[in-house]
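Give me a 3D structure for the following:
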Amino acid sequence: VQLVESGGGLVQPGESLRLVCATSGFTFSQYSMTWARQVPGKGLDWVSVINSEGSTYYPDNLKGRFTISRDNAKKMVYLEMTNLKFEDTGVYYCGRGAYIGSDLDRDPGRWGQGTQVTVSS
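All right, here's what the predicted structure looks like:
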């Protein structure tokens, strides 16, 4: 199983970013996928989940700003982030499976290597 995140970077507050997770080594279309993030000084918290049928889930505080999507043909999952805020700074991880909650298990077999998002003026 390989999960490779990309698309992070340095942006100003109010700007947008699109993260991409390229996957291989498993039957992508059969799995839910999760985006999670680790902000400085905190554990790994879920950001969004998309199931195999395309239904999406978000924590209340991110609804309306973040959008998860998937392309089963390309075996990729995306995270569109808009109106970024300082507190969105962190490392964003893509995970195989559905993981909802805070302080998630950082099992390296479950997540990619992450991509850094920095929101700064």
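
Helix, strand, or coil at N61?
Under DSSP: H, G, I helix; E, B strand; the rest coil, N61 falls in the helix class.

And it, how close does it get to D88?
Here the criterion is Cβ to Cβ, to the nearest Å. By it, N61 lies 11 Å from D88. In short, each C-beta sits where N, CA and C put it, glycine included.

So which of those two has more stuff around it?
D88 (21 against 9; other Cβ atoms under 10 Å).

Find the nearest non-adjacent residue to the more buried one, please.
V119 (5.2 Å; Cβ to Cβ, 6 or more residues apart in numbering).

just checking, that neighbour touches S16?
No: using Cβ atoms under 8 Å, V119 is not in contact with S16; the gap is 10.8 Å.

Show me the common contact partners of those two, please.
Counting by Cβ atoms under 8 Å, 6 or more residues apart in numbering, the residues touching both V119 and S16 are L84.

still on that earlier bit, quick one: contacts for the residue nearest to D88?
With contact taken as Cβ under 8 Å, 6+ apart, V119 is in contact with V11, Q12, P13, E15, L84, K85, F86, E87, D88, T89.

run the last query once more with 7 Å
Listed by Cβ atoms under 7 Å, 6 or more residues apart in numbering, the contact partners of V119 are V11, P13, L84, K85, F86, D88, T89.

How about I100?
Applying Cβ under 7 Å, 6+ apart, we find I100 in contact with W46, V49, Y57.

Selecting buried members of those in ChimeraX, what would you type?
Command for ChimeraX that selects the buried part of those, burial taken from 16 or more other Cβ atoms under 10 Å:
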select :46,49
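
Nearest to S29 among the contacts of I100?
Proximity of those to S29 was ranked by Cβ to Cβ; the top entry is V49 with 15.5 Å.

could you measure the closest one against Q2, distance?
Noted for V49: a distance of 20 Å to Q2, by Cβ to Cβ.

surely Q12 meets S121?
Yes: contact status for Q12 versus S121: in contact at 5.5 Å, counting by Cβ atoms under 7 Å.

residue contacts, the residue nearest in space to the middle of the chain?
The C-alpha lying nearest the average C-alpha coordinate of the chain belongs to W35 (Cα atoms, centre = their mean; 2.5 Å). Applying Cβ under 7 Å, 6+ apart to W35 gives the contacts V47, S48, I68, L79, Y92, C94.
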